[in-house]
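Visitor: Just need the structure, nothing else, for what follows:
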Amino acid sequence: MNFRLAPVLLASSLACTAAEQPPSIMRFANASMDQLSGSFASLSADHIVWNSPILEKPTPFWLKNVLEVTLQASQPEFNATHEATLTLMNGDCVRGQIAAVTDDTVTLDTWYAGRLNFRRVMVKDVVIDPRPALVFSGPTGLDGWTQTAKQATWTYENGSLRTSSNLGIGRDVGLPDECSIGVDLTWRGPLMLNINFFADDVSTDSPALGYQVSCQGSFATIRRQNAGMQFGDPANIPEFQNNEKARLELRASRRTGNICLYVNGRCGAVWKDPGAAKGKFGKSIQFLPRGKEPLRLSAIKVSAWDGILEENAQDDAAMMGMGMNGRFQRGIPKPKPEPEPAAKPKSATDGRMKLRNGDSIGGEVTSIVDGVISIKTPFADVKLPVARVRNIILKPAALEEPIRRNGDVRAWFADGSSLVICLDSMTPEALTGHSQLFGSATFKLAAFNRIEFNIYDPQITDLRAKEELISR
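Guide: Residues are numbered from 1 along each chain as shown. So this is what the prediction gives:
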């Protein structure tokens with residue numbers, strides 16, 4: 001089919017009802033970025049064959065004219081005590097459970113591709129996070145979300161909730177009493193956003209119960225809804241002012257009253273509500289923009305939390321200017337008039353692995369079996385649960401960047417991570433490809449919410465950047 005017919009196809013596609021439209025969308029690399037809903041039939045080196053309700057039969061399209069395909073990602077339930085993130089030399093990252101580390105390979109167990117062996121020279125670093133019970137992961141659509149306006153002002157696209165209004169959206173996720181709420185934020189101009197949690201009613205912008213964290217400019221404050229008063233000190237969050245994109249995480253405990261705000265992995269605030277244990281709360285989360293600039297929410301993850309404050313969390317928050325009252329309330333000493341420069345914290349280059357409680361350990365990883373890491377130290381052999389380790393020190397190596405190949409695609413996981421794969425074949429269920437990073441593998445297509453084509457074409461790269469700017 002001639003690619004120039006795409007606008008006609010688009011118009012016909014829009015005439016279909018939402019119930020009739022399949023979940024996948026193919027976007028074309030033309031100036032107007034036309035799109036066609038449907039599903040994969042097959043794929044070859046030059047063509048993608050596409051099914052659509054408005055096409056009489058499966059129809060081929062030139063791959064050189066395709067920008068990307070968006071998909072409906074899904075993740076099965078599986079048991080794991082930790083999640084390891086590998087940052088790769090080409091800028092991608094991939095997540096799974098650490099199975100082994102040797103001088104030559106870093107091995108991940110994944111639900112979507114089985115066991116993947118990554119070449120050591122292609123891996124920059126390995127970061128490990130505990131994997132508590134997952135409560136909610138998304139978004140995957142608007143279903144289950146409640147908007148505070150009678151007429152919908154939020155839309156869903158590409159794994160993201162988007163709006164340019166000052167009206168809220170929320171859902172009952174069944175928040176446990178100790179929880180972590182993470183979200184990727186993309187905004188324009190100054191950040192103006194309220195986040196309600198432990199809320200009782202998401203049909204209104206002012207729920208009666210719960211907490212509200214207000215992010216305005218470069219500051220964040222907190223208050224309890226039914227108390228109506230702010231508690232704790234305002235937190236200075238420079239990441240809000242210097243960027244238009246950030247990963248935000250709230251950790252809250254109704255048992256202890258501790259509430260922590262993390263931005264891009266750094267603890268920016270530690271607040272404490274002494275009346276939390278006796279308070280009344282709901283189980284919902286809600287996002288309330290306070291301006292009318294574009295805002296996008298993605299990679300929302302809600303999970304249980306063990307309630308443990310990381311060792312340096314309070315000090316890190318205080319160092320960013322949370323206020324003198326906060327220092328005294330938390331028992332943080334008043335700074336000297338001429339403070340000595342703080343000692344530089346040990347980094348990965350010091351050859352020591354950091355533990356979750358703030359300790360560190362030096363040594364060589366000898367094995368990882370059934371979630372237990374064995375470390376040979378100068379004093380003794382130590383065994384630890386992998387979930388207690390924050391990073392793994394890899395043996396120094398001359399790092400290499402993978403070669404760019406014809407047929408490379410960038411596949412995006414629902415959590416915002418990505419992986420470049422040289423595509424061999426694709427079916428409606430699976431993607432098979434190879435890479436200098438990991439060799440050959442077959443991936444479940446359900447793991448991905450987007451696949452980008454022509455990733456090294458400068459014109460299409462510019463078009464993709466333009467689409468990203470427009471969608472923000």
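
Visitor: Going along the chain, name the helices of this structure.
Guide: 6-15, 238-242, 313-319, 324-329, 458-471 (DSSP state H).

Visitor: Can you tell me which of those helices has the worst average pLDDT?
Guide: Looking at the helices of the chain, the lowest mean pLDDT belongs to helix 324-329 (a mean of 35).

Visitor: any idea how far Asp143 is from Gln225?
Guide: Separation of Asp143 from Gln225 (CB to CB, to the nearest Å) stands at 26 Å. (C-beta placed from N, C-alpha, C; glycine too.)

Visitor: likewise Gly275?
Guide: 13 Å.

Visitor: of Asp143 and Gln225, who's got more company?
Guide: For Asp143 versus Gln225, the count of surrounding residues by other CB atoms under 10 Å is larger for Gln225: 19 against 9.

Visitor: check contacts around the more buried one.
Guide: Residues near Gln225 by CB atoms under 8 Å, 6 or more residues apart in numbering: 196, 199, 206-212.

Visitor: Please pick the buried ones from the residues you listed.
Guide: Among the contacts of Gln225, those scoring as buried are 196, 199, 207, 209-212 (criterion: 16 or more other CB atoms under 10 Å).

Visitor: which one of those residues is nearest Asp462?
Guide: Distances from Asp462 to the buried ones among the contacts of Gln225, taken as CB to CB, are shortest for Asn196 (38.9 Å).

Visitor: hmm, back to that, identify the farthest-apart pair in the contacts of Gln225.
Guide: Using CB to CB, the two most remote members of these are Ser206 and Tyr211, lying 13.1 Å apart.

Visitor: Break the chain down into its domains, please.
Guide: Here the domain parsing of the chain from automatic domain parsing is 3-70, 136-305.

Visitor: and the last one, how far from the chain's centre?
Guide: In terms of CA atoms, centre = their mean, to the nearest Å, the centre of domain 136-305 is set 15 Å apart from its chain centre.

Visitor: how far does that domain stretch from start to finish?
Guide: 13 Å (CA to CA, to the nearest Å).

Visitor: What of stretch 237-249?
Guide: 13 Å.

Visitor: Flag every buried residue along that stretch.
Guide: Quick answer for stretch 237-249 (16+ other CB under 10 Å): 237, 239-240, 244, 246, 248-249.

Visitor: Out of the residues you listed, which comes closest to Pro402?
Guide: Closest approach to Pro402 among the buried residues of stretch 237-249 (CB to CB): Ala246, at 28.5 Å.

Visitor: Quickly note the distance from the closest one to Ala41.
Guide: 39 Å.

Visitor: where exactly do the strands run in the stretch 301-450 of the chain?
Guide: Here the stretch 301-450 of the chain has its strands, by DSSP state E, counting those that start in this stretch, at 352-354, 360-362, 364-369, 372-376, 381-385, 391-392, 408-413, 418-426, 430-435, 439-444, 448-452.

Visitor: Would you check that Ser374 makes contact with Ala380?
Guide: No - the pair Ser374 / Ala380 is not scored as a contact, 11.1 Å apart, by CB atoms under 8 Å.

Visitor: who's more crowded, the two?
Guide: Counted by other CB under 10 Å, Ser374 and Ala380 do not tie: Ser374 has more neighbours, with 15 against 8.

Visitor: what sits opposite the more buried one in the beta ladder?
Guide: In this structure, Ser374 bridges to Ser367, Lys383 when assessed by DSSP bridges.

Visitor: Show the contacting residues for it.
Guide: By CB under 8 Å, 6+ apart, Ser374 lies in contact with 365-368, 381-383.

Visitor: Go again with 10 Å.
Guide: Residues in contact with Ser374 (CB atoms under 10 Å, 6 or more residues apart in numbering) are 363-368, 381-384.

Visitor: Dump those residues to JSON lines, plus neighbour count, distance to Ala299 and pLDDT.
Guide: Below are these laid out as JSON lines (neighbours: other CB atoms under 10 Å; distance: CB to CB, whole Å; pLDDT from 0 to 100):
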{"residue": "Gly363", "neighbour count": "18", "distance to Ala299": "34", "pLDDT": "83"}
{"residue": "Glu364", "neighbour count": "14", "distance to Ala299": "34", "pLDDT": "82"}
{"residue": "Val365", "neighbour count": "19", "distance to Ala299": "29", "pLDDT": "83"}
{"residue": "Thr366", "neighbour count": "14", "distance to Ala299": "35", "pLDDT": "81"}
{"residue": "Ser367", "neighbour count": "13", "distance to Ala299": "32", "pLDDT": "80"}
{"residue": "Ile368", "neighbour count": "21", "distance to Ala299": "27", "pLDDT": "83"}
{"residue": "Asp381", "neighbour count": "10", "distance to Ala299": "38", "pLDDT": "87"}
{"residue": "Val382", "neighbour count": "13", "distance to Ala299": "34", "pLDDT": "89"}
{"residue": "Lys383", "neighbour count": "11", "distance to Ala299": "33", "pLDDT": "90"}
{"residue": "Leu384", "neighbour count": "15", "distance to Ala299": "29", "pLDDT": "87"}
